[in-house]
Every structure is written in structure tokens, then in C-alpha cells.
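Asker: just coords:
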């Protein structure tokens with residue numbers, strides 16, 4: 001850590017002077033007012049504005065913003081339209097707001113793919129089996145297990161062995177989103193949920209470089225096709241009945257089946273959205289800070305839509321609110337601000353890594369990166385209720401390799417008054433600021449915390465705390481002005497042995 005020097009204290013005092021001033025309504029009790037110079041922008045970041053933005057981003061038209069799916073493309077264009085409306089300049093490729101990530105799209109040729117097994121079983125994928133995750137290989141096989149699952153917060157037994165099995169399961173709607181993830185952790189070769197309607201496979205995106213070979217697949221199977229499979233392995237009809245009461249029942253067989261896939265491959269690209277707000281100081285405006293959030297979520301999977309209202313519609317909403325606020329405020333930050341909505345974070349920080357590997361602006365002009373990911377809910381875990389965390393927020397990474405950025409955030413927080421928690425540093429590598437830190441950039445990450453709807457279809461608009469989104473937006477709005485006043489923050493990383 002860097003020791004705080006006398007000149008840094010002076011900068012923080014100057015920032016506080018810029019932030020402090022006339023009284024405005026504060027989100028949390030005890031917050032100090034901001035200055036008249038920043039009041040218009042600060043006041044524009046409201047829960048009502050957050051709800052307006054998030055109702056679109058987490059609404060039915062974008063269908064969970066899955067990378068490579070139509071909903072994500074629509075969301076990216078909507079964001080680009082909004083920042084154009086606010087007068088921000090494009091800083092993508094070719095004079096656009098988009099930086100395209102080169103990827104590979106894999107698609108299942110359903111008519112030439114089938115599940116085969118005993119007693120001349122052959123079920124064509126066309127209309128009967130739909131895959132939303134599939135192996136980058138032509139054959140998946142294993143012995144069949146049937147699984148029945150029902151009950152609030154149902155969990156699979158620790159000793160349940162599903163390794164390299166073909167798992168066909170039925171469940172109630174409450175567990176429909178959770179079950180595939182729980183089963184996947186048991187290492188099956190193939191997981192298929194029984195559904196009533198015809199199904200189709202989704203395409204799958206992979207990074208063009210560093211492609212990873214998958215060894216499993218998952219999706220859905222129609223009840224009619226599941227009954228064919230059941231007869232071929234001498235199963236009992238009751239195994240495909242959705243339980244009326246809470247139960248976890250599994251029925252292993254010694255019959256093996258194989259899923260043969262014909263996979264088509266084509267080039268594809270998905271966009272990061274990048275917009276520029278020019279700084280007010282002619283001598284400093286070439287230097288810039290980044291405010292970012294990932295735009296993508298899980299999209300459509302297994303017949304469900306994962307709307308991602310909190311993850312990360314909330315962060316995307318917060319930084320759009322900041323962009324709007326800065327466009328409305330007569331005083332701009334001295335240094336410029338680059339806003340980035342990242343693609344493919346859920347695939348492993350792909351969008352942010354692509355930006356830092358191929359930046360559209362020089363990295364040596366970047367002074368810091370502020371990231372917002374999941375600030376629309378109050379943390380809810382064992383021993384802590386959501387009501388206990390209405391004012392809390394995790395501040396992550398702000399002291400890694402330096403303390404100056406952390407101090408500037410604390411100064412800004414005097415006008416918002418979050419209670420910061422520092423017990424989630426273990427998730428530092430799971431969001432986009434990590435890509436920037438790996439390039440030697442000072443970073444900070446706002447994170448509301450985990451809750452039972454994380455990565456579930458129930459991460460919906462109705463469960464969002466819009467006050468919290470607005471407060472997070474206000475915090476980084478003020479932080480951006482403080483950082484723009486301060487200038488570049490040097491990171492000292494610990495030596496690796």
C-alpha cells in the first residue's frame with residue numbers, strides 16, 4: 001500500500017470543497033450536501049430514473065441480454081441510442097459506439113443430430129431435444145438417471161453421484177432455473193429437463209482465441225420424447241411425474257444412451273458499447289477515467305428467461321444514469337470520462353479483457369477504472385437479512401496497490417453515506433475491473449452482495465431496490481469528479497515469487 005502523502009491530503013480537501021455545498025435531499029441519513037456546481041447532475045440520479053431505465057433493460061424485449069442472442073444486440077443498440085441522445089461521443093470502432101468482440105458461433109444441426117440407445121431408440125433433436133449448452137464435440141454418452149425434484153430451496157444430496165451420467169429430470173417451476181446449475185455441479189455428461197412444449201437448440205458463442213473444450217451438454221426434452229427414452233431403458237412411468245410434495249428422488253439405470261451432434265460453425269461478433277464525455281480542461285482532457293458495467297446476463301436458457309435485473313441491469317442502469325447526469329450538469333469533470341458497457345462478462349470477463357487487450361484509447365492515458373456490478377439488491381445470506389443491509393455496500397479492490405482512489409471514494413461517500421463492507425474481496429476476480437487491474441490500472445468495484453435470486457430467473461424487476469441503484473450512481477458520479485480533479489493513480493503491485 002502507498003502511504004498517504006501531504007499533497008494527496010490537499011487534493012482530497014479540494015475535492016471535498018468541490019463536492020460540498022448547498023442542501024439537497026440525501027439518500028441516507030447523515031449525508032452531507034453536494035456543491036451547487038454538481039447539484040443538477042447529482043439530483044438527476046433518482047430512483048424513478050433508475051426504474052425507467054431498468055424497466056427497459058430487464059424487460060421482456062431484451063430477454064435477459066444473453067451474449068450472442070438477439071436481446072443483447074437490442075440492448076446494446078438501445079444503450080448506444082441513449083448516450084447519443086445525451087451528446088456523448090462514440091469511441092468504438094469506425095466512428096461507432098461499438099467495439100466488436102470476434103467470436104465463434106456454434107449451432108446444432110437438429111435434423112442431423114439424435115439421441116440413440118437400446119431397443120433401437122432414436123430421438124431426433126429436431127423439435128424433441130433442445131440444447132442451450134452443448135459440447136464442442138460430436139458425441140456425448142452415458143448411463144441414464146431419472147431425477148425428480150421439488151421443494152422450496154431444494155438441494156441435491158452431497159453423496160448423489162451423477163458423474164458422466166445422462167440425467168433426465170422433472171421439477172416444479174420454482175426450481176426450474178436452479179436445477180440445471182445444481183445438477184451441472186455433479187458432473188453429468190448430459191442434463192435434460194422434461195417440458196411439455198416443442199423445443200429448439202440455442203446457438204453457443206465461444207471466444208475465437210483460447211477456446212475451451214466442453215465435456216457436457218444441457219437443455220430440454222419433450223415429454224413425448226422422454227417417454228420414449230423411459231420405455232427404452234425399462235423405466236417406470238412415475239419417474240417422469242412432477243412430485244406433488246417436496247421430494248428429491250433419483251432413479252439410476254444401467255442403460256447407456258448417446259447424443260450424436262452435428263455442429264455448424266461460423267464467425268460472429270458481439271459489441272462492447274463505448275461512449276466518451278470530453279473533459280473540461282483543454283490541457284487534461286486527453287487523460288480519462290473509465291466507468292464500466294457489464295451489460296450481458298444469461299439470456300434465454302432451457303425454456304427460461306434469466307432477466308438479470310440485478311446482475312447486471314442494475315450496474316448498467318447506474319452508469320447510464322451517471323452519463324445522463326454529467327450531460328445535464330453545466331460543470332464537466334476536468335479529465336474525460338469513458339463509459340463502457342461490456343459484453344460477455346458472464347462468459348469470463350471476455351468483453352473487458354478484449355478492451356484492455358485492444359483498447360480504443362491509449363491505456364497510458366487512463367487514470368483509473370470504476371466498476372458497478374449488482375447494486376440493485378440488499379445482501380441476503382445466512383445470518384443476514386436484506387432489511388439489515390439497506391444502507392450497506394461492498395467496496396472491493398479500492399485499496400489494491402494504492403490507497404488514493406479509496407480515499408477519494410470515502411470523500412465522495414460523505415454525500416451519500418453508504419456503510420461500506422470489505423468482506424467480499426474474494427470476488428474481485430469475477431467482475432470486469434479485474435481486467436483493468438491486470439494492466440496496472442487503479443480500480444474500484446461497487447457490489448451489493450449475493451442473494452437467493454443470483455443467476456436465477458427470479459432476478460426480476462419486482463425485487464429491485466431502486467434507491468440503492470440511485471445511491472450507487474450518485475456515489476460514482478461524485479467519485480468521477482474527485483478522480484478527474486486528482487489525476488492518474490499509480491498502482492504498486494506486490495512482487496510475485
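Answerer: All right, it came through fine. Given the structure is predicted, the values throughout are model-derived calculations rather than measurements. Numbering: from 1, shown residues only.

Asker: after the helix or strand residue 319 falls within, next one along is what?
Answerer: Per DSSP states H and E, residue 319 falls inside helix 315-328. Using DSSP H and E, the next helix or strand after helix 315-328 towards the C-terminus is strand 336-342.

Asker: Which strands border that next one, and is each parallel or antiparallel?
Answerer: strand 263-277 (antiparallel), strand 288-294 (parallel) (DSSP bridges).

Asker: mind checking the end-to-end distance for stretch 183-196?
Answerer: End-to-end distance of stretch 183-196 (Cα to Cα, to the nearest Å): 21 Å.

Asker: Report the distance from that stretch to the chain centre.
Answerer: Chain-centre distance of stretch 183-196: 23 Å, with Cα atoms, centre = their mean, to the nearest Å.

Asker: which other residues reach that stretch?
Answerer: Outside stretch 183-196, the residues that touch it by Cβ atoms under 8 Å, 6 or more residues apart in numbering are 129, 140-142, 145, 147, 156, 160-171, 176, 179-180, 215-223, 226, 240, 259, 302-303. Glycine gets a C-beta too; all of them are placed from N, C-alpha and C.

Asker: Next, the buried residues of that stretch.
Answerer: 183, 186, 188, 189, 190, 191, 192, 193, 194, 195 (16 or more other Cβ atoms under 10 Å).

Asker: residues in contact with the closest residue to the fifth one other than its chain neighbours?
Answerer: In space, not counting the residues next to it along the chain, residue 190 is nearest to residue 166; the distance is 4.5 Å by Cβ to Cβ, 6 or more residues apart in numbering. Under the criterion of Cβ under 8 Å, 6+ apart, the neighbours of residue 166 are 140-145, 188-190, 192, 256-257, 259.

Asker: Show me where the stretch 351-497 of the chain has its strands.
Answerer: For the stretch 351-497 of the chain, applying DSSP state E, counting those that start in this stretch gives strands covering 366-372, 392-396, 419-421, 443-447.

Asker: Those strands into CSV, with extra columns for mean neighbour count?
Answerer: What follows is these, written out as CSV (neighbours: other Cβ atoms under 10 Å):
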stretch, mean neighbour count
strand 366-372, 26
strand 392-396, 22
strand 419-421, 14
strand 443-447, 27
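
Asker: Kindly confirm my reading that residue 39 forms part of a helix.
Answerer: Yes. Assessed by DSSP: H, G, I helix; E, B strand; the rest coil, residue 39 belongs to a helix.

Asker: From residue 94, how far out is it?
Answerer: Using Cβ to Cβ, to the nearest Å, we find residue 39 at a distance of 38 Å from residue 94.

Asker: can you list the domains in the protein?
Answerer: Residue ranges for the domains of the chain, per automatic domain parsing: 6-103+269-486, 110-261.

Asker: pLDDT of the first one, averaged?
Answerer: Spelled out, it's domain 6-103+269-486. Across domain 6-103+269-486, pLDDT averages out at 93.

Asker: Okay, helices next: where are they in the protein?
Answerer: Counting by DSSP state H, one finds helices in the chain at the ranges 6-19, 36-44, 47-57, 70-85, 179-184, 223-232, 315-328, 350-357, 404-413, 433-437, 466-486.

Asker: Those: which one's closest to residue 366?
Answerer: Each of the helices of the chain was scored for nearness to residue 366 using Cβ to Cβ, and the closest is helix 433-437 (7.7 Å).

Asker: What lies in contact with that closest one?
Answerer: 290, 292, 349, 352-353, 355-356, 366, 369-371, 396-397, 400-401, 428, 443-445, 491.

Asker: Let me see the contact set for the residue of the chain most remote from its centre.
Answerer: Ranking residues of the chain by C-alpha distance from their mean position (Cα atoms, centre = their mean) puts residue 119 at the top, at 44.6 Å. Counting by Cβ under 8 Å, 6+ apart, residue 119 touches 231, 232.

Asker: 6 Å instead?
Answerer: residue 232 (Cβ atoms under 6 Å, 6 or more residues apart in numbering).

Asker: how close does residue 398 sit to residue 478?
Answerer: With Cβ to Cβ as the criterion, residue 398 and residue 478 are 14 Å apart.

Asker: neighbour count winner among the two?
Answerer: The neighbour comparison of residue 398 against residue 478 (other Cβ atoms under 10 Å) goes to residue 478, with 28 against 25.

Asker: The nearest residue to that one once chain neighbours are set aside and residue 476, how far apart?
Answerer: Leaving aside its chain neighbours, residue 478 sits nearest to residue 412 (3.8 Å; criterion: Cβ to Cβ, 6+ apart). Counting by Cβ to Cβ, the gap from residue 412 to residue 476 is 8 Å.

Asker: would you list the buried residues of stretch 183-196 in TSV and tack on pLDDT and distance to residue 83?
Answerer: Listed next are those as TSV, based on pLDDT from 0 to 100; distance: Cβ to Cβ, whole Å:
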residue	pLDDT	distance to residue 83
183	94	41
186	95	44
188	96	43
189	95	45
190	96	43
191	96	40
192	97	42
193	95	39
194	96	44
195	94	39
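
Asker: so of these, which ones are in strands?
Answerer: 190, 191, 192, 193, 194, 195 (DSSP state E).

Asker: Let's have these in JSON lines, adding distance to residue 29.
Answerer: As requested, those are exported to JSON lines (distance: Cβ to Cβ, whole Å):
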{"residue": "190", "distance to residue 29": "54"}
{"residue": "191", "distance to residue 29": "49"}
{"residue": "192", "distance to residue 29": "52"}
{"residue": "193", "distance to residue 29": "47"}
{"residue": "194", "distance to residue 29": "52"}
{"residue": "195", "distance to residue 29": "49"}
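
Asker: ok so, going back, quick one: closest of the helices of the chain to residue 282.
Answerer: Per Cβ to Cβ, nearest to residue 282 of the helices of the chain: helix 466-486, 13.8 Å.

Asker: returning to what we had before: in terms of neighbours, single out the busier of residue 39 and residue 94.
Answerer: Between residue 39 and residue 94, residue 39 has the larger neighbour count (other Cβ under 10 Å), namely 17 against 8.

Asker: how much space between the more buried one and residue 287?
Answerer: Using Cβ to Cβ, which is the criterion applied here, residue 39 is 25 Å from residue 287.

Asker: Same question for residue 329.
Answerer: From residue 329 over to residue 287 the distance is 20 Å, taken as Cβ to Cβ.

Asker: what's next to stretch 484-492, contact-wise?
Answerer: Against stretch 484-492 from outside (Cβ under 6 Å, 6+ apart): 11, 15, 333-335, 367-368, 401-402, 404-405, 440, 442.

Asker: And stretch 41-61, by the same measure?
Answerer: For stretch 41-61, using Cβ under 6 Å, 6+ apart, the contacting residues are 24, 34, 307, 309, 313, 316-317, 320-321, 325-326, 328-329, 461, 466-467, 469-470, 473-474.

Asker: same thing with stretch 379-387?
Answerer: Applying Cβ under 6 Å, 6+ apart, the contact partners of stretch 379-387 are 378, 389, 449, 451.

Asker: Contacts only, for residue 142.
Answerer: Contacts of residue 142 (Cβ under 6 Å, 6+ apart): 164, 165, 166, 189.

Asker: on that earlier part again, dump the helices of the chain to CSV, plus distance to residue 270.
Answerer: Output for the helices of the chain, formatted as CSV (distance: least, Cβ to Cβ, whole Å):
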stretch, distance to residue 270
helix 6-19, 37
helix 36-44, 30
helix 47-57, 16
helix 70-85, 7
helix 179-184, 23
helix 223-232, 32
helix 315-328, 15
helix 350-357, 8
helix 404-413, 30
helix 433-437, 16
helix 466-486, 25
